[in-house]
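In: Can you look at this prediction? I've put the sequence above it.
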Amino acid sequence: MPPAEPILRELQARWGARTIRQQRTADGVPTAWVPRDSILEVLAALRDEVDAPYRTLYDLTAVDERARAETAEGAAGTALPPDEDGPSDPSPPDAPPDFSLVYQLLSYDRGEDLRLKVPLQGEYPSIQSVTGLWPAADWYEREVFDMFGIDFEGHHCLRRILMPPDWEGHPLRKEHPARATEMQPYRLPEEKFSAHEEAMRFRPREWGLAEGDWAAPASGDADENEIKAAIGSGDRAIDGTDYLFLNLGPNHPGTHGLLRLILKLDGEEIIDVIPDIGFHHRGAEKMAERQTYHTFIPYTDRVDYLAGVQNNLAYLLAVEKLTGTVVPERAQVIRVMMCELFRLASHLVWFGTYGHDVGAMTPVFYTFNQRERIFDIVEAVTGGRMHPAWFRIGGVAMDLPNGWKEMVDDFTRQFPPSVKEYEDLLVGNAIFRSRTEGIGRMSLEDAISWGITGPNLRACGLEWDFRKKRPYSGYENYEFDVPTAEGGDCYSRCLVRMEEMRQSLRIIEQCAKNMPDGPYISEDHAAVPPNKPETMANIETLIHHFLGVSWGLAVPAGEAHARIEAPKGNNSYYVVADGSTMPYRVRIRTPSFAHMQAVPLMSRHHLLADLLSVLGSLDYVLADVDR
């Protein structure tokens, strides 16, 4: 075991080597196992007491450990030595857990990650909630409860979040079927439909909003004491009238997909918003467990369906850390160029539809025209458009075609005037500014606590971009600026994305100008099947290609987490391998999930019409929320 990271040594000095057990991982992120009874105290110290604290709960997930064919090295943890030269603690490893809970923390001050894992025993274990430390833990804990059946003691509203309330079982447990063919055909007879509809009925107390009867007493039946009690419990407005509860969605054009927002209104003023998500949930993480590492790539395209190959990249970076694959320089530059083209395409969709959300019909026609130009390039290079599934383990599917540079150069020449045109058309418009300035404001402190990332975080004034702070795929070789804004409101988020389009264009120009020669995919055949011509040379190569393509290549046991700066924020994949040809666990952390959770904070005490301004400014898609 290599010397421990400084933060782990600091924790070990306080709680002891038997409590903080280091684990080696393929991604190099400081990782330690912490007992169930100590985790809340350790997390509180990391948030409040250590130097340069970990103020962001970046992600929280779980792993069902019961079906591992092979326990990864360090699964029970290894005790940290008291100092670099001292002996390791000789205590025996703990028993393998039934489940492990994984906390991913981020410190912007340190520029570092930290992973803490908690072993849990029993068929349906429980642990203390950390919602008192990070508000973002609310939905993450609900998701773990929904997917694994793990209980969080002290959570104010522990109910399903992605699955229907009457769903049987917990999908990410290993005993739950992964294919529709393994389950009985789904039928919805009338009596079951009625029960399902009743289960979807909104009952405020079940959502943890307030105690007491939310139905108003009949006219003339309420005395003054009842009215005062109702006001104190949140049932009534200050003037004694009832609040109105209104469903917005799940079918509403302003929600950009199937999203139900339950609004608590006092007239037109929003008192609270309760997002009800999961209508687009397709079990992407469960599907990863039944696919080979290669055949899961097309599924990633559909998570943020506007970001295309950006989804591929986050997943493949994690897999390449596990396999130790070195991506050739040409392949890295091609990847960057395609990712930035898709960043532009995503931002163009956002800009056009956001204008529509606040009442401007024209911008979407302008932006979709430029988006088609981008897709012409994508189609010429990959053969696909929105979902090319073109990146591969170790590189890309094929080399760039003849004429690619002329197409890219033509686009980079004619695009800058279009951005100026968009700004003149909408950003400077007085009506647009009145609909966005001062609306949906979020402080930097709140943004960090809620796990806000990407343009929405930079609109609060923090210059944090993984392409600069934690470069990947060679982004350190490019010259570009990181746009920020002050105010944290809808207008600030718009300004950041507008400038990001210019910066992405700079990166694309540099890729086209400095494209190196060389292979477009790794020649490491331990992780990449041989090229087809090589299979004709000898039978051993043909067999290796056949096994790699049909059965999939085995990935060494371990775990790795990879993050990228996606168009909507930080996208990451946490991949756990057990030495087989299929992932043991794939966790997809999307920016839209964290951003949607913060909608109530940004919407309270605004008018109902402002809610659509807030929603559109966040730039989310429901597939990215629900996966």
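Out: Okay, I see it. The model shown is predicted, which means the values in this text are computed figures rather than measured ones. Numbering: from 1, shown residues only.
In: ranges for the helices of the stretch 1-150 of the chain?
Out: Counting by DSSP state H, counting those that start in this stretch, one finds helices in the stretch 1-150 of the chain at the ranges 6-15, 39-48, 137-148.
In: most packed of the ones you listed?
Out: helix 137-148 (a mean of 23; mean count of other Cβ atoms under 10 Å). Every residue, glycine included, has its C-beta placed from N, CA and C.
In: Rounded mean pLDDT for that one, please.
Out: The pLDDT scores in helix 137-148 average 93.
In: So in that sheet, which strands flank the very next helix or strand once past that helix, and in what orientation?
Out: Downstream of helix 137-148, the next assigned helix or strand under DSSP states H and E is strand 151-153. Sheet pairing of strand 151-153 (DSSP bridges) gives strand 126-128 (parallel).
In: now what about the strand it pairs with, what contacts it?
Out: Strand 126-128 has contacts (Cβ atoms under 8 Å, 6 or more residues apart in numbering) with 36, 39-40, 101, 118, 120, 150-154.
In: buried residues in that strand?
Out: 127-128 (16 or more other Cβ atoms under 10 Å).
In: and what of stretch 103-123?
Out: Across stretch 103-123, burial judged by 16+ other Cβ under 10 Å covers 103-108, 112-120.
In: just those now: which is nearest residue 519?
Out: Each of the buried residues of stretch 103-123 was scored against residue 519 by Cβ to Cβ, and residue 113 proved nearest at 31.3 Å.
In: which non-adjacent residue is nearest the closest one?
Out: Using Cβ to Cβ, 6 or more residues apart in numbering and skipping the chain neighbours, the partner closest in space to residue 113 is residue 29 (4.8 Å).
In: Next: residue 346.
Out: Going by Cβ to Cβ, 6+ apart, residue 346 has residue 567 as its nearest residue, at 3.8 Å.
In: Surely the one you found touches residue 343?
Out: Yes - using Cβ atoms under 8 Å, residue 567 is in contact with residue 343, at 4.7 Å.
In: shared neighbours of the two, which are they?
Out: 307, 310.
In: Can you tell me the SS state at residue 184?
Out: State at residue 184, reduced to three classes by DSSP: H, G, I helix; E, B strand; the rest coil: coil.
In: ugh, wrong one, residue 565
Out: Quick answer, by three-state DSSP: residue 565 is strand.
In: Verify the contact between it and residue 467 for me.
Out: Yes - if you go by Cβ under 8 Å, residue 565 and residue 467 touch, sitting 4.9 Å apart.
In: More neighbours: which of these two?
Out: Legend: neighbour count by other Cβ atoms under 10 Å for residue 565 and residue 467, higher for residue 565 (28 against 20).
In: ok, the closest residue to the more buried one other than its chain neighbours - contacts?
Out: Spatial nearest neighbour of residue 565, excluding adjacent residues (Cβ to Cβ, 6+ apart): residue 466 at 4.2 Å. Residues near residue 466 by Cβ under 8 Å, 6+ apart: 472, 563-565, 570.
In: ok, 10 Å please
Out: 453-454, 472, 475, 563-566, 569-572 (Cβ atoms under 10 Å, 6 or more residues apart in numbering).
In: Roughly how far does residue 262 sit from residue 271?
Out: To residue 271, residue 262 is 11 Å away according to Cβ to Cβ, to the nearest Å.
In: What number of residues are in the vicinity of residue 362?
Out: 12.
In: Going forward, the N-terminal residue is numbered 232.
Out: With the count now opening at 232, the last piece we talked about shows up as residue 593.
In: any idea how far residue 700 lies from residue 792?
Out: From residue 700 to residue 792 the distance is 16 Å (Cβ to Cβ).
In: Could you do residue 370 as well?
Out: The value you get for residue 370 to residue 792, if Cβ to Cβ is used, is 19 Å.
In: Pull out the buried residues from the longest helix anywhere in the chain.
Out: Ordering each helix of the chain by length in residues (DSSP state H) puts helix 560-588 first. For helix 560-588, the neighbour count (16+ other Cβ under 10 Å) marks 561-588 as buried.
In: picking up where we left off before, the residue nearest to residue 577 - how many residues pack around it?
Out: Residue 798: 27 neighbours (other Cβ under 10 Å).
In: now residue 591
Out: Going by other Cβ under 10 Å, the residues that sit close to residue 591 add up to 17.
In: Just confirm it contacts residue 585, I think it does.
Out: Yes - with contacts counted by Cβ atoms under 10 Å, residue 591 reaches residue 585, the gap being 8.7 Å.
In: anything in contact with each of these two?
Out: 657, 663.
In: who touches both of residue 796 and residue 698?
Out: 570, 706, 713.
In: helix or strand for the residue nearest to the second one when sequence neighbours are not counted, which one?
Out: It refers to residue 706. Distances taken as Cβ to Cβ, 6+ apart place residue 698 nearest to residue 706, at 4.2 Å, with adjacent residues excluded. For residue 698, the host element (DSSP H and E) is helix 697-700.
In: What average pLDDT does that helix get?
Out: 92.
In: export it as CSV, just CAs?
Out: Output in CSV follows, covering the C-alpha atoms of helix 697-700 (Å, rounded to 0.1, in the frame of the first residue of the first chain):
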residue,chain,number,x,y,z
PHE,A,697,-12.8,20.6,-14.9
ARG,A,698,-11.2,21.3,-18.3
LYS,A,699,-8.9,23.8,-16.5
LYS,A,700,-8.8,22.6,-12.9
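In: Mind pulling up the pLDDT for residue 512?
Out: For residue 512, pLDDT reads 89.
In: backbone phi and psi for it, please?
Out: phi -70, psi 130 (degrees, to the nearest 10).
In: Same check on residue 740?
Out: Dihedral angles for residue 740 - degrees, to the nearest 10 - are phi -60, psi -40.
In: mind checking how far it is from residue 593?
Out: Distance, residue 740 to residue 593, by Cβ to Cβ: 28 Å.
In: Residue 265 now?
Out: For residue 265, the distance to residue 593 - Cβ to Cβ - is 55 Å.
In: likewise residue 603?
Out: 17 Å.
In: burial measure for residue 633, as a count.
Out: With other Cβ under 10 Å as criterion, residue 633 counts 8.
In: so what pLDDT did it get?
Out: Predicted confidence (pLDDT) for residue 633: 92.
In: what sits against the spatially closest residue to residue 398 that is not a sequence neighbour?
Out: Excluding the flanking residues, the one nearest residue 398 by Cβ to Cβ, 6+ apart is residue 391, at 6.7 Å. Applying Cβ under 10 Å, 6+ apart to residue 391 gives the contacts 373-374, 376-378, 397-398, 401, 430, 509.
In: circling back to that earlier point, pull up the gap between the residue nearest to residue 796 and residue 826, please.
Out: For residue 697, the distance to residue 826 - Cβ to Cβ - is 16 Å.
In: now do residue 607
Out: In terms of Cβ to Cβ, residue 607 sits 31 Å off from residue 826.
In: out of those two, which sits in the busier spot?
Out: Per other Cβ under 10 Å, whichever of residue 607 and residue 826 has more neighbours is residue 826, with 27 against 14.
In: Just the terminal-to-terminal distance for stretch 618-628.
Out: 14 Å (Cα to Cα, to the nearest Å).
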